[in-house]
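1. Return a 3D structure for these sequence lines:
(one chain, ligands or ions: 2)
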Amino acid sequence: MVFVIQGTQRGDEGKGKITDYIAQKMDIVCRFQGGNNAGHSIVVNGNRFALSSLPSGIISSNITNIIANGCVVNPDALIKEISTLKEKGINKFNLLISNKAHIIMPYHIDLDGAYEVLLGNESIGTTKKGIGPCYMDKASRIGIRFCDLLEPEYLKKRLTTALIIKNKELEMCNKPTYKFEDLYSHLLELAKILKPHIVDTSIVLNEAINDKKQILFEGAQGTMLCLENGTYPFVTSSSPIASSVPLNAGISPKNIDKVIGIVKAYTTRVGEGPFVTELHDKVADNIRELGHEYGVVTHRPRRVGYLDLVVVKQACRLGGIDYLAMMLVDVLTGIKSLKICVSYELDGKIIDYVPSTISEVTRCKPIYKDFCGRDEDISNINNFYNLPKECQNYLNFIEEYLKTPIAFVSVGPEREKTIIKKDIF
Ligand code: IMO
Ligand code: MG
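-> Ligands and ions are numbered 1, 2, ... in the order given. This is a model prediction of the structure:
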């Protein structure tokens, strides 16, 4: 079976935790887009792991972890992430990197920061990891790929070509330029370390599909951050929607069996852009503290708001979501009255979709349904029907509204704090 994990909101929905949980039943976990802008936290046996480039199956030693062609990878950051894992005792893992994945170069990081400064008030609030500039070079056909690391003479040509343009751009941004020799020798060093991991991962994945292996594609970011379908320009530079898996991993669209939509029980956003259900009150502060809503990558406090089902409905429509995983449900403990946004009012009209332009989204007013909160600690409950009635009502409403069954309910960051509502395996 081939499963896809899709974030249904704006990232940080808890994809890492659920991927790690499901990974125990998988042969392969594969990241198919994004880079180290992602921050996926996993708690296993009391140890917290913060993953950015690595797939969240990496903690389970018997799994093949793949970084597919649609990803962009900062090799220095990846090597650092691997050594952090080793320091925490995770020594045995199987990691494959697509030879077609693009390399985030130091100049991409410089330019990411420079563009944000130039944009001033119009900045996106990126993670400044060089993601956008790396994807730009991919589309401009001056990117450097992992397969280039394996052919030093060709790499020379690629880097020379890239630097003609990149150094000009850096000069225009008043940033220091790069010397070919410095970057080239560093890339050759990286090649020595990473060579055993670099393969054509599309072949590996297709063989695994033919052998009927269990495969999980782990999306980073969330639907509203999708370059194609999100709230452009306040998006990332790749597509986290299930439909981008085939292209970004080199498999057929016919091979995807089930899509799991990851839904945080409330909404958060990091970076700029409209946020219809955003709160600026005590409720937001409480949720931020209880949910540790600070960026894993940038440590920025996340913007917080009520659950917006207009957004999640759009994600279900775009991704063909089969099952939902409800995450961070425990965080809503102690919040007296809860609201769920069920539609928007736009210029006097009621709509149930996210409009395409930022000016329209900014004019949208949320229409809420009220729910009773609860005080009980639910973090030790392991059966859906033992959850407080208020909590069940909240979740049942989501299921009915989205016409999509809930398979998982997460009541804490640890693996074992996962309620199975529907067995999907
Ligand atoms: P995970 O996988 C939340 C946001 C950034 C910014 C916009 C563009 O942890 O859910 P970028 O650096 O990608 O060019 O920034 O996208 N963003 C995320 N927000 N979770 C993420 O990943 C994100 N990755 C990028 O804050 O608004
Ligand atoms: Mg994150």
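2. Skipping adjacent residues, who's closest to the residue of the stretch 51-200 of the chain found nearest ligand 2 in space?
-> Proximity of the stretch 51-200 of the chain to ligand 2 (Cβ to the ion) peaks at S52, 8.6 Å away. In this view, the C-beta of every residue, glycine as well, is placed from N, C-alpha and C. Residue nearest to S52 in three dimensions, not counting chain neighbours: N36, with 3.8 Å by Cβ to Cβ, 6 or more residues apart in numbering.
3. try P355
-> Going by Cβ to Cβ, 6+ apart, P355 has V361 as its nearest residue, at 5.5 Å.
4. re the thing from before, give me the neighbour count for the residue nearest to S52.
-> Counted with other Cβ atoms under 10 Å, the neighbours of N36 add up to 25.
5. follow-up on the earlier one: ok, now which ones touch the residue of the stretch 51-200 of the chain closest to ligand 2?
-> 35-40, 77, 81, 296-297 (Cβ atoms under 8 Å, 6 or more residues apart in numbering).
6. ok, 6 Å please
-> 36, 38-39 (Cβ atoms under 6 Å, 6 or more residues apart in numbering).
7. max-length strand in this protein?
-> strand 337-346 (DSSP state E).
8. and for that strand, what are the contacting residues?
-> Outside strand 337-346, the residues within contact range by Cβ under 6 Å, 6+ apart are 277, 306-310, 350-352, 363-371, 373.
9. among those residues, which ones are buried?
-> Applying 16 or more other Cβ atoms under 10 Å to those, the neighbour count classes 277, 306-310, 364, 366-368, 371, 373 as buried.
10. So what touches the biggest helix by length in the chain?
-> Under DSSP state H, the helix in the chain containing the largest number of residues is helix 152-172. Under the criterion Cβ under 6 Å, 6+ apart, residues 107, 142, 144, 148, 177, 180, 184 lie in contact with helix 152-172.
11. All the helices of the stretch 251-400 of the chain, residue numbers only.
-> 282-290, 309-319, 358-363, 389-402 (DSSP state H, counting those that start in this stretch).
12. quick one, the second one and strand 337-346 angle?
-> Angle, helix 309-319 to strand 337-346, by axes from the mean of the first three to the mean of the last three Cα atoms, to 10 degrees: 70 degrees.
13. Does anything pack onto helix 309-319? Which helices or strands?
-> In terms of contacts (3 or more Cβ pairs under 6 Å, 6 or more residues apart in numbering; DSSP states H and E), helix 309-319 is packed against strand 258-264, strand 337-346.
14. distance of the residue of the stretch 51-200 of the chain closest to ligand 2 from C71?
-> 11 Å (Cβ to Cβ, to the nearest Å).
15. picking that back up, can you read off the pLDDT for the residue nearest to S52?
-> Looking at N36, its pLDDT stands at 98.
16. show me the contacts for it.
-> 52-53, 74, 77, 129.
17. which residue packs closest to F408, ignoring adjacent ones?
-> By the measure of Cβ to Cβ, 6+ apart, the closest residue to F408 outside its immediate chain neighbours is A325, 4.0 Å from it.
18. That neighbour is in contact with K264, isn't it?
-> No - with contact defined as Cβ atoms under 6 Å, A325 does not count as touching K264 (9.8 Å).
19. ok so, going back, farthest pair in the buried ones among the contacts of strand 337-346?
-> Across the buried ones among the contacts of strand 337-346, the longest distance by Cβ to Cβ is 25.0 Å; it joins C364 and G373.
20. Can you list the buried residues in the longest helix of the chain?
-> For helix 152-172, the neighbour count (16+ other Cβ under 10 Å) marks 155, 158-159, 162-163, 166-167, 169-170 as buried.
21. Could I get those residues in a markdown table, plus columns for distance to T404 and pLDDT?
-> Below are those laid out as a markdown table (distance: Cβ to Cβ, whole Å; pLDDT from 0 to 100):
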| residue | distance to T404 | pLDDT |
| --- | --- | --- |
| L155 | 47 | 98 |
| R158 | 45 | 98 |
| L159 | 47 | 98 |
| A162 | 44 | 98 |
| L163 | 49 | 98 |
| K166 | 45 | 98 |
| N167 | 50 | 98 |
| E169 | 45 | 98 |
| L170 | 47 | 98 |
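22. Next, count neighbours for the residue nearest to P355.
-> Using other Cβ under 10 Å, V361 has 19 neighbouring residues.
23. and it, what pLDDT?
-> What the model reports as pLDDT for V361 is 98.
24. Tell me where the model's unsure across the stretch 101-250 of the chain.
-> Within the stretch 101-250 of the chain, not a single segment meets pLDDT under 70.
25. how about the residues of the stretch 151-300 of the chain that lie near ligand 1?
-> Residues of the stretch 151-300 of the chain lying near ligand 1 by Cβ under 6 Å from any ligand atom: 220-222, 225, 236-237, 270-271.
26. I'd like those residues as CSV, with distance to I97, neighbour count and secondary structure appended.
-> Formatted as CSV, these follow (distance: Cβ to Cβ, whole Å; neighbours: other Cβ atoms under 10 Å; DSSP: H, G, I helix; E, B strand; the rest coil):
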residue, distance to I97, neighbour count, secondary structure
A220, 15, 30, coil
Q221, 20, 29, coil
G222, 24, 30, coil
L225, 23, 28, helix
T236, 20, 28, coil
S237, 19, 22, coil
V270, 26, 25, coil
G271, 27, 21, coil
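27. Mind putting the residues you listed into JSON lines with distance to Y385?
-> Shown next, in JSON lines, are those (distance: Cβ to Cβ, whole Å):
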{"residue": "A220", "distance to Y385": "33"}
{"residue": "Q221", "distance to Y385": "34"}
{"residue": "G222", "distance to Y385": "29"}
{"residue": "L225", "distance to Y385": "35"}
{"residue": "T236", "distance to Y385": "38"}
{"residue": "S237", "distance to Y385": "43"}
{"residue": "V270", "distance to Y385": "35"}
{"residue": "G271", "distance to Y385": "39"}
